[in-house]
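# Give me the fold of what follows.
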Amino acid sequence: MITNQTNLFLIFIVNGMLIGLLFDFFRILRKTFKTNDIITYIEDILFWILTGGIILYSIFTFNNGEIRLFLFIGILLGCIFYMLTLSSYIIKTNTAIINFLKKIIGKILNVILFPIKCILKIIKRILFKPISFLTINIRKNSTNLLKNIYNSIKNVNKTKNNAKKAKI
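Just a heads-up that it's a prediction; the model follows:
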């Protein structure tokens, strides 16, 4: 009886360590990739669903669905032990590895995408430069035309006013 409960306690300490590792997984993701609030909320919900699943699976598998206080104490001690001993090393190591891989992948993508960028730049010059030239000239000509029309209307109004003054 006592050996069975001791084994259960140790199993749930390991579960606590596993939950701590899962928590660090999401911490590593947040440190290496910038996420907005919605993604953070989704990650938090996913963490709690996975944590609940791990605990429920362990309770049903190892303890036939019986919930005991010492199981939760074991989970808490496992999390605390993991956070105090292994967490910082795992976070530092995995963050460094992921950042290194991000740099390598970024450089590979730059090498692969460089010819495509050059081709797009040439296409942009060929296609869009004449179009931008036309739009700039149309804009200039239309503003000049509108200014001339406005000045002509102004001159017509001045001559009408001068004609009225001459009649008086």
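# Count the residues that sit near residue 29.
Using other C-beta atoms under 10 Å, residue 29 has 16 neighbouring residues. All C-beta spots, glycine's among them, are computed from the backbone N, C-alpha and C.
# from memory it sits against residue 35, does it?
Yes. Judged on C-beta atoms under 8 Å, residue 29 makes contact with residue 35 at a distance of 7.5 Å.
# Show me the common contact partners of the two, please.
residue 43 (C-beta atoms under 8 Å, 6 or more residues apart in numbering).
# Kindly export stretch 104-118 (C-alpha atoms) in CSV.
What follows is stretch 104-118, C-alpha atoms only, in CSV (Å, rounded to 0.1, in the frame of the first residue of the first chain):
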residue,chain,number,x,y,z
ILE,A,104,20.9,30.2,-41.0
ILE,A,105,17.4,29.8,-42.5
GLY,A,106,17.3,33.6,-43.0
LYS,A,107,20.6,33.6,-44.9
ILE,A,108,19.5,30.6,-47.0
LEU,A,109,16.3,32.4,-47.9
ASN,A,110,18.2,35.5,-48.8
VAL,A,111,20.4,33.6,-51.1
ILE,A,112,17.5,31.8,-52.7
LEU,A,113,15.3,34.9,-53.0
PHE,A,114,18.0,37.2,-54.3
PRO,A,115,17.5,36.3,-58.0
ILE,A,116,13.8,36.6,-57.6
LYS,A,117,14.2,40.0,-56.0
CYS,A,118,16.4,41.1,-58.9
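# Tell me the gap between that stretch and the middle of its chain.
21 Å (C-alpha atoms, centre = their mean, to the nearest Å).
# low pLDDT regions in the chain?
Applying pLDDT under 70 to the chain flags residues 127-129, 131, 163-168.
# how about 90 then?
1-4, 33-36, 113-168 (pLDDT under 90).
# can I assume residue 90 is in contact with residue 24?
Yes. Contact between residue 90 and residue 24 holds when scored by C-beta under 8 Å: they sit 5.5 Å apart.
# What are the boundaries of the helices in the protein?
For the chain, the helices defined by DSSP state H cover 2-32, 37-63, 69-85, 87-167.
# What residues does the residue nearest to the spatial centre of the chain make contact with?
Geometric centre of the chain, nearest residue: residue 35, 3.4 Å, by C-alpha atoms, centre = their mean. Contacts here follow C-beta under 8 Å, 6+ apart; on that basis residue 35 touches 29, 43.
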